[in-house]
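In: Let me see the structure of the following:
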Amino acid sequence: MENYSINLPSYSVGDNVYEKIEKICSPYGSKAVVIGGHKAINSAKELLISATKDTKVSIIDFVWYGGESCFENVDELAENESVKKADYLFAVGGGKALDTTKCLAVKINKPVFTFPTIASNCSPVTCVSIMYTKEGVFKQPFFFEKPPKHAFINTSLLCKSPSKYLWAGMGDTYAKYFESSVSSRGEDTLVHYHRLGVVISQMCLEPILKYGKKALEDNKNKVNSYEFEQTVLSIAITTGIASILLTAEHIIDYNTGLAHGIFYGLTSFPHIEENHIHGEVVGFGVLILLLVDKQYDMFKKMYDFNESVGLPTSIADVEIEEKDLPAVIKKTLEMPDPDHNPNVVTEEMLADAFDKLSNYNKTKKQWEMPIPRSPRTGIFRLPWIS
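Out: The predicted structure is shown next:
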């Protein structure tokens, strides 16, 4: 049997977790440099200064990360005098700021601690940075051995962030369950960490369905509720742990799937990335995944959830027309994301799924009554399913 190591995240969550900074960070030194986006630093600055006042941890500077998660910005930050003097890095902000700082930490061999200011992704705890060109075009995932030393999930700060990030983050989070469970189906010889990742991914779905709608309402009202915290944990922590396990070999086979393929297919239209958030579009892609996979009961459940929170349920919601679908389908199948699937995904399967979704949207109102079950299989039968 092959020898291997798995490094899982360390994190604190709550409304006053910055008080733990000294205890957790001081064993690594005394000087911290904060790196992040302008808005993120402004939102967290006073809290960080207050939490480190009269402690063994001193913040020597606040530095802008550069505006894009790219190697050019990493190289520039590596030459920053404050970065050179610091014992460790505090990564503050959203996914791109955190990924830039994580990549920097690996390059210059310094510890990094993460302080997310929005709840949209699992970057605070993952062993990968998603890197782009300086112009913002996706370049590559940059994998490394260990996650950040610790993530400080401050829910009192996060609940004041724009709710659109939590909203989109829910779509990207529940996609982890559907994509990993489909991509691993039928593989009885899955190694332990892949199987564990698939099992953990169930908690990327269940809390979102249970708490997501209330959490979104509370976020809009800046209320730090139990439901909000549970949803944040699903987005930032559960998804991150699942991703670490599923990508332990630095492959994407079990960590992505058709929903992300649909996202990348849609990004052939510039307005998608200009007007829409990643997780929002991935959540729409899940509906297509479920139709392709013939999970009709679950499709209806996720459609209803998307509808209840305002996530996309039709091509119109992502500003696509019927005439655009051949280009979307073609681009989707050029992506590696749907490759590791129990069945080969074809143009016909995708066209059929989009057609079913269109028909469901057109006639949904007539199905408000209970849908009859097949007497033989017990499976729901929808009118457009032959």
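
In: Okay, residue 65 and residue 226: tell me how far apart.
Out: For residue 65, the distance to residue 226 (Cβ to Cβ, to the nearest Å) stands at 32 Å. In this view, the C-beta of every residue, glycine as well, is placed from N, C-alpha and C.

In: can you give me the mean pLDDT across stretch 155-168?
Out: Mean pLDDT, stretch 155-168: 97.

In: Low-confidence ranges, the stretch 251-386 of the chain, go.
Out: By pLDDT under 70, the low-scoring segments of the stretch 251-386 of the chain are 365-386.

In: All the helices of it, residue numbers only.
Out: Counting by DSSP state H, counting those that start in this stretch, one finds helices in the stretch 251-386 of the chain at the ranges 258-266, 270-275, 278-292, 296-309, 325-334, 347-363.

In: I figured residue 126 hits residue 242, correct?
Out: No: if you go by Cβ atoms under 8 Å, residue 126 and residue 242 don't touch, sitting 9.9 Å apart.

In: now the helices for the stretch 101-250 of the chain?
Out: Under the criterion DSSP H, counting those that start in this stretch, the stretch 101-250 of the chain contains helices at 155-158, 163-183, 192-200, 206-220, 226-233, 239-246.

In: So for residue 90, which of these sits nearest?
Out: The closest of those to residue 90 is helix 155-158. By Cβ to Cβ, the value is 13.7 Å.

In: CA atoms only: put that closest one into CSV for me.
Out: C-alpha atoms of helix 155-158 as CSV (Å, rounded to 0.1, in the frame of the first residue of the first chain):
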residue,chain,number,x,y,z
THR,A,155,-19.4,35.4,11.7
SER,A,156,-20.1,38.8,13.2
LEU,A,157,-18.1,40.3,10.3
LEU,A,158,-19.3,37.9,7.6
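
In: so what secondary structure elements neighbour it?
Out: helix 38-52, helix 226-233 (3 or more Cβ pairs under 8 Å, 6 or more residues apart in numbering; DSSP states H and E).

In: what's the angle between the last one and helix 239-246?
Out: By that I understand helix 226-233. Orientation check (axes from the mean of the first three to the mean of the last three Cα atoms, to 10 degrees): helix 226-233 against helix 239-246 gives 30 degrees.

In: angle of helix 226-233 against helix 206-220?
Out: Put simply, helix 226-233 runs at 120 degrees to helix 206-220, going by the same axes, to 10 degrees.

In: So for helix 226-233, mean pLDDT?
Out: Rounded mean pLDDT across helix 226-233 is 98.

In: Please shift the residue numbers so they start at 57 in all later answers.
Out: That works, and once the first residue is 57, the last one we named lands at helix 282-289.

In: mind putting the helices of the stretch 307-442 of the chain in JSON lines, distance to residue 210 included?
Out: Output for these, formatted as JSON lines (distance: least, Cβ to Cβ, whole Å):
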{"stretch": "helix 314-322", "distance to residue 210": "29"}
{"stretch": "helix 326-331", "distance to residue 210": "29"}
{"stretch": "helix 334-348", "distance to residue 210": "21"}
{"stretch": "helix 352-365", "distance to residue 210": "24"}
{"stretch": "helix 381-390", "distance to residue 210": "38"}
{"stretch": "helix 403-419", "distance to residue 210": "39"}
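
In: just so I know, which of the ones you listed lies nearest residue 228?
Out: helix 334-348 (3.2 Å).

In: Which neighbouring elements make contact with the closest one?
Out: By 3+ Cβ pairs under 8 Å, 6+ apart, helix 334-348 packs against helix 219-239, helix 314-322, helix 352-365, helix 403-419.

In: Figure out which of the ones you listed is closest to residue 307.
Out: helix 219-239 (10.9 Å).

In: got the CA positions of the closest one in PDB?
Out: Taking C-alpha atoms only, helix 219-239 is exported to PDB below (Å, rounded to 0.1, in the frame of the first residue of the first chain):
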ATOM      1  CA  SER A 219     -25.600  38.700   0.800                       C
ATOM      2  CA  LYS A 220     -24.900  38.000  -2.900                       C
ATOM      3  CA  TYR A 221     -21.700  36.100  -1.900                       C
ATOM      4  CA  LEU A 222     -23.500  33.800   0.500                       C
ATOM      5  CA  TRP A 223     -26.200  33.400  -2.100                       C
ATOM      6  CA  ALA A 224     -23.800  32.300  -4.800                       C
ATOM      7  CA  GLY A 225     -21.700  30.300  -2.400                       C
ATOM      8  CA  MET A 226     -24.600  28.000  -1.700                       C
ATOM      9  CA  GLY A 227     -24.800  27.000  -5.300                       C
ATOM     10  CA  ASP A 228     -21.100  26.200  -5.500                       C
ATOM     11  CA  THR A 229     -21.300  24.300  -2.200                       C
ATOM     12  CA  TYR A 230     -24.200  21.900  -3.000                       C
ATOM     13  CA  ALA A 231     -22.600  21.200  -6.400                       C
ATOM     14  CA  LYS A 232     -19.800  19.500  -4.500                       C
ATOM     15  CA  TYR A 233     -22.100  16.800  -3.300                       C
ATOM     16  CA  PHE A 234     -23.700  16.200  -6.700                       C
ATOM     17  CA  GLU A 235     -20.500  16.300  -8.700                       C
ATOM     18  CA  SER A 236     -18.500  14.100  -6.300                       C
ATOM     19  CA  SER A 237     -21.300  11.500  -5.800                       C
ATOM     20  CA  VAL A 238     -21.900  11.200  -9.600                       C
ATOM     21  CA  SER A 239     -18.200  11.100 -10.600                       C
END
